[in-house]
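Colleague: Return atomic coordinates for the entry below.
(2 chains)
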Amino acid sequence: MAEESYPDDLRYHPEHDWARIEGDEATFGLTWYAQDALGEVVFYEPPEAGKAVKKDEAYAEVESVKAVSDVYAPLSGEVTGVNAALAENPEKINQDPYGEGWMVKVKLSDPSEAEALMDAAAYKKLLEDAD
Amino acid sequence: MEAGAKLVDFAGWEMPVSYDGIREEHLRVRSSCGVFDVSHMGEIETEGPQAVDLLQRLLSNDVSRIEVGGAQYSCLCAEDGGVLDDLFTYRLDDERFLTVSNAANHERDLEWFEAHAVEFEAEVRDRIDAYAMLAVQGPRAREIVRKLADGELPARFGTADLVVAEAPCLVCGTGYTGEDGVELLIPREGARAVWDAVIGGGAGPAGLGARDTLRLEVNYCLYGNDLTEERTPIEAGLGWCVKEGTGFIGAQSCREVRDQGPEQTLQPFVLTGSGIPRQGNPILEGDAAVGEVTSGTMSPSLGVGIGMGYVNAGLAEPGTEIEIDVRGRARPAEIRRAPLYSKD
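Modeller: Residues are numbered from 1 along each chain as shown, chains lettered A, B, ... in the order given. As a prediction, the model looks like this:
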């Protein structure tokens, strides 16, 4: 299991998803907090490449030993790549949530949406306030 | 509870679901050895000149065939054949038996035993507070326990009184994982030392989560999921432990179901694509609902979704293609023969 961390180079969505933004492309995944709350992930079915995802809406499901949860898109766009390795090894979401546990790569339709996301400090504050 | 256990309330007991992750614990039991704390299991002792007659009346299997030092699986049935519990019974002596019950059913089982005991020269004792129970399972289990014991371990389905890590134990050659191994009934005060010694000997701690995935891969029934009062053991595929000739309570109903052929039977299945079946998911053939999933999980050994469910009799043939409705999405699946997982 990974150590709790919230990298500074990511942007965060209140549904506990992160985005690593590079120009008009971004990679999405679940935050450390999300994977810890879910517990051991046993199943993730990636969306199809080409699928349109919309900010604040679910684009996939993740199933842990405890529950099934929706995975929300922090930004809008079109899926250009999926982490197919997670189908075989969904536990990567627990072990390396910001690395090998990434979920999709997306071509952003409106990069300015990122202004609504939190930086690491704001997200950590959100988690503290929720406790 | 130490070792970073994730706890859950289970029939009033705080139980470890997992220590190091279900998948890791599961695979360790398949390849090496794991130890489960199953102290929530209940124990009922039956003793007296007619102890065997009382148990013969209560249990579906032929109790008279258990030798001293032997063990036997059976169902406890209501008059209509519905399953009240599934149990292991150990014969400690000619006139003394120990029956292991499921935690959630223990009180009801005990009342059932006591209510019928009045007709027999036999005494029923609640022993749930006397014992802790550890299941040491996996290919290395016997080697690990043998080093801690003062004598030879019992054969499969046998029992032996042995001292293990300084605790006097009833060592039983039974388990719920599909692996070789033993279950240890230990006086409560000695249990911690046995746990530590078994871990020290090379076993990894394993929780209820892995216990469930292990048993489901080899299609052992779980009471409350696959076995209920609504179903007879015949429908559950447990006809092999139902000996109607002994005249146990429920025998007549079981015989009728067996003779007529059950309308539905419990069948193992495997998803042929992605997804995880879960308890309560409808089983479909075409557009028709033909059954319901009673247990489902992601199989750590096989890497696919697996499960069991009651399906209409005509669909029981291995290879039959079905679909599982997982939260509104039909997932293709296939009926298979038990066990879904085997070493070879």
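
Colleague: use CA for all of it now, contacts and neighbours both
Modeller: Fine.

Colleague: By residue count, which helix of chain A is the longest?
Modeller: Ranked by number of residues, the top helix in chain A under DSSP state H is helix A:120-130.

Colleague: Return the set of buried residues in that helix.
Modeller: Neighbour-count burial for helix A:120-130, counted by 16 or more other Cα atoms under 10 Å in any protein chain shown, picks out A:120, A:123-124.

Colleague: Switch those over to a markdown table; also include distance to A:His16.
Modeller: What follows is the buried residues of helix A:120-130, written out as a markdown table (distance: Cα to Cα, whole Å):
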| residue | distance to A:His16 |
| --- | --- |
| A:Ala120 | 11 |
| A:Tyr123 | 9 |
| A:Lys124 | 11 |
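
Colleague: for the record, mean pLDDT for the longest helix of chain A?
Modeller: For helix A:120-130, mean pLDDT rounds to 95.

Colleague: ok, the closest residue to chain A within the stretch 51-200 of chain B to B:Leu148 distance?
Modeller: In the stretch 51-200 of chain B, the residue that lies nearest chain A is B:Thr177 (18.5 Å; Cα to the nearest Cα). For B:Thr177, the distance to B:Leu148 (Cα to Cα, to the nearest Å) stands at 22 Å.

Colleague: out of those two, which sits in the busier spot?
Modeller: Neighbours per residue (other Cα atoms under 10 Å in any protein chain shown) separate B:Thr177 from B:Leu148, with B:Thr177 holding more: 25 against 17.

Colleague: can you tell me which helix or strand the more buried one belongs to?
Modeller: Take DSSP states H and E as the rule and B:Thr177 turns out to sit in neither a helix nor a strand.

Colleague: tell me the pLDDT at it?
Modeller: 98.

Colleague: Please, where are all the helices along the chain?
Modeller: I'll assume chain A. Using DSSP H, helices in chain A cover A:32-38, A:85-88, A:92-95, A:120-130.

Colleague: try chain B instead
Modeller: B:22-31, B:51-58, B:106-117, B:141-148, B:191-200, B:208-217, B:251-260.

Colleague: residues from the stretch 201-344 of chain B in reach of chain A?
Modeller: B:274-276, B:298, B:303 (Cα under 8 Å from any Cα of the partner chain).

Colleague: Filter these down to just the buried residues.
Modeller: For these, buried by 16+ other Cα under 10 Å: B:274-276, B:298.

Colleague: quick revisit: quick one, which of the helices of chain A gets closest to chain B.
Modeller: helix A:85-88 (7.4 Å).

Colleague: avg pLDDT for that closest one?
Modeller: The model assigns helix A:85-88 a mean pLDDT of 90.

Colleague: OK, contacts around B:Ala206?
Modeller: Applying Cα atoms under 8 Å, 6 or more residues apart in numbering or on different chains, we find B:Ala206 in contact with B:18-20, B:22, B:25-26, B:34-37.

Colleague: Adding neighbour count and pLDDT as columns, could you present the residues you listed in a markdown table?
Modeller: Formatted as a markdown table, the contacts of B:Ala206 follow (neighbours: other Cα atoms under 10 Å in any protein chain shown; pLDDT from 0 to 100):
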| residue | neighbour count | pLDDT |
| --- | --- | --- |
| B:Ser18 | 26 | 86 |
| B:Tyr19 | 22 | 88 |
| B:Asp20 | 18 | 85 |
| B:Ile22 | 25 | 92 |
| B:Glu25 | 25 | 96 |
| B:His26 | 27 | 97 |
| B:Gly34 | 29 | 98 |
| B:Val35 | 26 | 98 |
| B:Phe36 | 22 | 97 |
| B:Asp37 | 21 | 96 |
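
Colleague: Tell me who's in contact with the closest residue to chain A within the stretch 201-344 of chain B.
Modeller: Of all residues in the stretch 201-344 of chain B, B:Met298 sits closest to chain A, at 6.8 Å by Cα to the nearest Cα. Listed by Cα under 8 Å, 6+ apart, the contact set of B:Met298 reads A:42-43, B:213, B:276-277, B:304-306.

Colleague: give the contact list for the residue nearest to it when sequence neighbours are not counted.
Modeller: Once flanking residues are discounted, B:Met298 sits nearest to B:Gly305: 4.3 Å by Cα to Cα, 6 or more residues apart in numbering or on different chains. By Cα under 8 Å, 6+ apart, the residues touching B:Gly305 are B:270-271, B:274-277, B:296-299.
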